[in-house]
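Enquirer: With the input below, show me the fold.
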Amino acid sequence: MTDRNGTTIFGTEEVTGLVAEIPPGHRHLRTTLTLADGSMLTFQEATVAAIVRAYTMVKTDPLKTRVELKGRAVPGRKSGYAEWQLMEEE
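Expert: Below you'll find the model as predicted:
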């Protein structure tokens, strides 16, 4: 469904499958959603982690109703972390 602002909103009935896996030869999780029209969306682990982090922040804070994450390069990051990360806005 598309709302009046042009944003596509996926309802539960529009997602017909989900696969979370570490593909052969890779170290990180990939999550693929299959939609009712047969198209698929695959997210890398860092993207899913950011979504889970934002969801948890809003759902567990009694005052927070919104979190915004913005993508940026993170130099000097820990080993195994992607250079490009979705980070909380200050």
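
Enquirer: For the residue nearest to the spatial centre of the chain, which non-adjacent residue is spatially closest?
Expert: Residue closest to the average C-alpha location in the chain (Cα atoms, centre = their mean): Val48, at 3.5 Å. Leaving aside its chain neighbours, Val48 sits nearest to Thr31 (5.1 Å; criterion: Cβ to Cβ, 6 or more residues apart in numbering). Where you see a C-beta, it was placed from the backbone N, CA and C, and this is true even at glycine.

Enquirer: Could you verify my assumption that Thr32 touches Thr42?
Expert: Yes - Thr32 sits in contact with Thr42 when judged by Cβ atoms under 8 Å, with a separation of 4.4 Å.

Enquirer: about what we covered before: what residues are bridge-paired with the residue nearest to Val48?
Expert: When bridges are called by DSSP bridges, Thr31 pairs up with Ala20, Phe43.

Enquirer: Helices of the protein, residue ranges please.
Expert: Assigned by DSSP state H, the helices in the chain fall at 45-60.

Enquirer: related to what we said a few turns ago, the residue nearest to the centre of the chain and Arg27, how far apart?
Expert: To Arg27, Val48 is 15 Å away according to Cβ to Cβ, to the nearest Å.

Enquirer: wait, what's in contact with the residue nearest to Arg53 when sequence neighbours are not counted?
Expert: Take Arg53 and drop its neighbours on the chain: the residue closest to it by Cβ to Cβ, 6+ apart is Leu69, 7.7 Å away. Contacts for Leu69 (Cβ atoms under 8 Å, 6 or more residues apart in numbering) come out as 50, 53-54, 86-89.
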